[in-house]
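**Student:** here is my input, please return the structure:
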Amino acid sequence: MNKHKCEWALGHFDAYENYHDQEWGVPCHDDKIHFEFLILESAQAGLSWSTVLKKRAGYQLAFANFEVNQVAQFDESQIATLMINPAIIRNEQKIRAAVNNAQRFLEVQQEFSSFSKYIWSFVGDQPIVGHWATKQDVPATTAESDALSKDLKKRGFKFVGSTTIYAHMQATGLVNDHTTDCYRYQELLR
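**Tutor:** Next comes the predicted model:
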């Protein structure tokens, strides 16, 4: 049986469809996954998600399997190595932002006991459920992503504009933006 999926997930490579089917919109309370998506979504700024997804394994290797404590300690030598690594997006500002954001991430963990606890507070600890008929109906930002982006920037995070943060919220299930005709929409409501 062919299950109906969100329009944006169709016609891509297998990993892209698997991402839609297994990860996108699933409520996440794991700080390691939040850190991974913070790096990946920030790297995406100005690019397509498929570009980043194709380099996900490269990011995993380059960024110490997304171990935030290790990334927070990356020095100039490690940054220089990342700048010539073809397995990731070699944008110096984004690479430096990832290291900076790791340091800020640790500060948030210390203040709130977990990054997850912090980020979920912006949605009242419950996923926001969109009721969108088409991908064109899905917003690029919301009041919640605006507020979270503003707070992250105030805390010193980089590459965390509202659009980037809304993508993070969608990816980690703070928001269920599967279209109402997608089989995952109903599955995630349960």
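**Student:** isn't Lys3 right up against Tyr183?
**Tutor:** Yes - with contact defined as C-beta atoms under 8 Å, Lys3 reaches Tyr183; the gap is 4.1 Å. Every C-beta, even on glycine, is put in place using the N, C-alpha and C of the backbone.
**Student:** comparing those two, which shows the higher neighbour count?
**Tutor:** Tyr183 (15 against 9; other C-beta atoms under 10 Å).
**Student:** residues in contact with Leu148?
**Tutor:** Ile119, Phe122, Ile165, Met169 (C-beta atoms under 8 Å, 6 or more residues apart in numbering).
**Student:** neighbour-wise, which one of those residues leads?
**Tutor:** Ile165 (30 neighbours).
**Student:** do you know how far it is from Phe74?
**Tutor:** 23 Å (C-beta to C-beta, to the nearest Å).
**Student:** so Glu7 makes contact with Thr134?
**Tutor:** Yes - applying C-beta under 8 Å as the test, Glu7 and Thr134 come out as touching, 7.0 Å apart.
**Student:** joint contacts of these two?
**Tutor:** Thr179.
**Student:** roughly how far is the helix or strand Leu53 falls within from the heart of the chain?
**Tutor:** Assigned by DSSP states H and E, Leu53 falls within helix 49-54. Offset of helix 49-54 from its chain centre (C-alpha atoms, centre = their mean, to the nearest Å): 12 Å.
**Student:** buried stuff in it?
**Tutor:** Of the residues in helix 49-54, Trp49, Val52, Leu53 count as buried by neighbour count, 16 or more other C-beta atoms under 10 Å.
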